[in-house]
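Only the shape, not the letters, is given here:
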């Protein structure tokens, strides 16, 4: 048997089949619901930075207010401090007036005199620098919750000048009821007093704004303690204000300013220096502020308090500079005296005052204050 032909007898393999062509991919379309339109951002979201800042500011403001006593001690409101100091206790005799009273009446030299039938053991001076008669009336309301036996008003010409007002009065002394009373009693100045009263309420609403100077003085004190010599002028000012605040809080109201205490008007004149401006008697006219003097008299009559006026002394140069103003002022004093008020005229000759006793045109220095206070004691002793 012949051998098989290896070539011909090899099994025939089927030709390889190519894989079928891959099917085309099927496109799948996903249908979703349409997205709702974006809602506009709310007020809080749109303004969150501003709101966060406002909240931080409010918290800081309230935090500052919690330390009001510290700031007041470093920068006292002198009207509030003097009025508050007087109101802390019952007083036998209270002096009220402007800076001539603040610098010229030392209650310690008057205490002990027999005034109003009894020894005057408690004497206080409410000297509101720059004030007018209208301010002094409101100052007495705040300073004398217990009426004194005797109220002594150290009056001078500038107190009655209707051409001037003092914004510090509406700021520190007046209530909403006082504002309504002012508008009723002095309608010609209703716009002025309303504007300044409202400005004061807005300013007092923010403790950061209200105590800004006290915070700065406190910060200067602390900074000087940590870094000596970094702010000596501010530190000096802060020390003076702190000492003044303590004296006003715990004393009898006599806290003379350093410059006035040691000043000498005679030396200013001898050196040929100008006496300094004094505009409080410009455009002098009277009548409107005087209404509050009559209200002060009524207040005293209702409470059994004796009211005495002292015509405070000034330099001869100031009288010579405004002769018409002083003439009108003294006519008003004469009218009040004829109406039954006691008026004590503390003239330079009667008290024994010269230019050496004045610090400037109107303010007494410490030596002048001592001389005037002793003289006033003698006039009131036995009254």
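Received it, and whenever you're ready, just let me know what you need. Predicted model, so just to flag it, every value in this text is computed and none were measured. Numbers count the residues shown, from 1 in each chain.

got a list of what residue 145 touches?
residue 87 (Cβ atoms under 8 Å, 6 or more residues apart in numbering). For every residue, glycine as well, the C-beta is placed using N, CA and C.

And it, which helix or strand is it part of?
Assigned by DSSP states H and E, residue 145 belongs to no helix or strand.

Give the lowest-confidence helix or strand of the protein, using mean pLDDT as the measure.
helix 43-46 (a mean of 74; mean pLDDT, DSSP states H and E).

Tell me the gap between that helix and the middle of its chain.
38 Å (Cα atoms, centre = their mean, to the nearest Å).

Quick check: closest non-adjacent residue to the most centrally placed residue in the chain.
Nearest residue to the geometric centre of the chain (Cα atoms, centre = their mean): residue 77, 4.5 Å. What sits nearest to residue 77 in space, not counting adjacent residues and going by Cβ to Cβ, 6 or more residues apart in numbering, is residue 172, at 5.7 Å.

any idea how far the one you found lies from residue 149?
Note on residue 172: its distance to residue 149, by Cβ to Cβ, to the nearest Å, is 26 Å.

OK, contacts around residue 80?
If a contact means Cβ under 8 Å, 6+ apart, then residue 80 has residue 172 as its contacts.

the strands in the stretch 51-200 of the chain, which residues?
93-97, 114-115, 118-119, 123-127, 150-155 (DSSP state E, counting those that start in this stretch).

Let me know which of these is the nearest to residue 193.
Proximity to residue 193 (Cβ to Cβ) singles out strand 93-97 among the strands of the stretch 51-200 of the chain, at 19.8 Å.

angle of that closest one against strand 150-155?
20 degrees (axes from the mean of the first three to the mean of the last three Cα atoms, to 10 degrees).

List the neighbouring strands of strand 93-97 plus their orientation.
Sheet pairing of strand 93-97 (DSSP bridges) gives strand 123-127 (parallel), strand 150-155 (parallel).

In TSV, list those along with mean neighbour count and distance to residue 355.
Below are the strands paired with strand 93-97 laid out as TSV (neighbours: other Cβ atoms under 10 Å; distance: least, Cβ to Cβ, whole Å):
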stretch	mean neighbour count	distance to residue 355
strand 123-127	28	22
strand 150-155	26	20
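
Next, format those strands as a markdown table and append distance to residue 111 and mean pLDDT.
Converted to a markdown table, the strands paired with strand 93-97 look like this (distance: least, Cβ to Cβ, whole Å; pLDDT from 0 to 100):
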| stretch | distance to residue 111 | mean pLDDT |
| --- | --- | --- |
| strand 123-127 | 5 | 97 |
| strand 150-155 | 13 | 98 |
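
Turn the ones you listed into a markdown table, columns for distance to residue 114.
Shown next, in a markdown table, are the strands paired with strand 93-97 (distance: least, Cβ to Cβ, whole Å):
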| stretch | distance to residue 114 |
| --- | --- |
| strand 123-127 | 12 |
| strand 150-155 | 11 |
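
For residue 220, which of the ones you listed is the nearest?
strand 123-127 (27.5 Å).

And the closest one, how far out from the chain middle?
In terms of Cα atoms, centre = their mean, the gap separating the centre of strand 123-127 from the centre of its chain is 19 Å.

Tell me which residues are up against it.
With Cβ under 8 Å, 6+ apart, strand 123-127 has contacts from 82-83, 85-86, 91-103, 105-108, 110-111, 136, 139-140, 143, 154, 252-254.

next one: stretch 43-59
residue 208.

what's the answer for stretch 286-293, then?
So stretch 286-293 is contacted by 132-134, 136-137, 153, 159-162, 185-186, 188-189, 328-329, 332, 336 (Cβ under 8 Å, 6+ apart).

at 6 Å instead, please
132, 133, 134, 137, 160, 162, 185, 186, 328, 332 (Cβ atoms under 6 Å, 6 or more residues apart in numbering).

got the buried residues for that stretch?
Buried residues in stretch 286-293, defined by neighbour count with 16 or more other Cβ atoms under 10 Å: 286, 288, 289, 290, 292, 293.

Max pairwise distance over those residues: which two?
Maximum distance among the buried residues of stretch 286-293 (Cβ to Cβ): 11.9 Å, for 286 and 292.

so where do the helices sit in the stretch 151-300 of the chain?
168-172, 176-185, 190-205, 207-210, 212-226, 232-250, 258-262, 265-270, 290-303 (DSSP state H, counting those that start in this stretch).

any idea which of these is most buried?
helix 168-172 (a mean of 22; mean count of other Cβ atoms under 10 Å).

Figure out how far it is from the centre of its chain.
7 Å.

packing partners for it?
The contact analysis (3 or more Cβ pairs under 6 Å, 6 or more residues apart in numbering; DSSP states H and E) places helix 168-172 against helix 78-87, helix 190-205.

Turn those helices into TSV, including distance to residue 180.
Compiled in TSV, the helices and strands packed on helix 168-172 are given as follows (distance: least, Cβ to Cβ, whole Å):
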stretch	distance to residue 180
helix 78-87	20
helix 190-205	10
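
Nice, that's everything, thank you.
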